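*Asks:* heads up, no residue letters with this:
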């Protein structure tokens, strides 16, 4: 009975540490990465077109939106939003048309540049979404551990080791070639 109580206390402590220590640390880490991406965008536009460019305004607004709303994001809210958005094709077409109009004003090469920055930002947002949910994080790491353990076990099984017959034949051949009269030396601990 005491072990169940201790298990419950340990689980509560683990959840508390995750909620008040780990989750804010992950959020701050991802926020710093998003700030780095925004600074890269700023540096890129300072060198090329200047900060008054409409492309810079678009990228800056999107990155500021990611940074500002990071705290409110969760995996369940993101999945709900995606399913609602995908179910309304008119809204999707409207958003794509508006986005294409903005990118066409930004100039040549803006779409490729936007995709590069968006991929970097999405990678860190997905990292945060996985780590911001305690249960999803545990399942994620359990699956990763299982996949790694399975692949290691699988690779160990596929490694070919020499069979005992091959080793015995090599030993007999070596011993046989070392004697002049062709006699075979049999080792007492090797069965023939």
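*Replies:* Cool, the structure landed. Remember, it's a predicted structure, so these values are computed and weren't measured experimentally.
*Asks:* could I get the phi/psi values of residue 62?
*Replies:* phi -70, psi -40 (degrees, to the nearest 10).
*Asks:* which residues touch whichever strand or helix holds residue 76?
*Replies:* Per DSSP states H and E, residue 76 falls inside helix 75-87. For helix 75-87, the surrounding residues in contact (Cβ atoms under 8 Å, 6 or more residues apart in numbering) are 91-92, 129-130, 132-133, 136. Where C-beta positions appear, they are placed from N, C-alpha and C, glycine not excepted.
*Asks:* the most centrally placed residue in the chain and residue 39, how far apart?
*Replies:* With distances taken as Cα atoms, centre = their mean, residue 127 lies nearest the centre of the chain, 6.9 Å away. From residue 127 over to residue 39 the distance is 19 Å, taken as Cβ to Cβ, to the nearest Å.
*Asks:* what values do phi and psi take at residue 48?
*Replies:* Phi and psi for residue 48, reported as degrees, to the nearest 10, are phi -90, psi -80.
*Asks:* same deal with residue 107?
*Replies:* Per-residue torsions, residue 107: phi 110, psi 180 (degrees, to the nearest 10).
*Asks:* so what's it closest to, chain neighbours aside?
*Replies:* When the adjacent residues along the chain are set aside, residue 107 lies closest to residue 55, with 6.3 Å between them (Cβ to Cβ, 6 or more residues apart in numbering).
*Asks:* so the one you found touches residue 42, yeah?
*Replies:* No - the pair residue 55 / residue 42 is not scored as a contact, 11.9 Å apart, by Cβ atoms under 8 Å.
*Asks:* got the buried residues for stretch 73-86?
*Replies:* For stretch 73-86, a neighbour-count test (16 or more other Cβ atoms under 10 Å) marks 73, 75 as buried.
*Asks:* fine, thanks again, bye for now.
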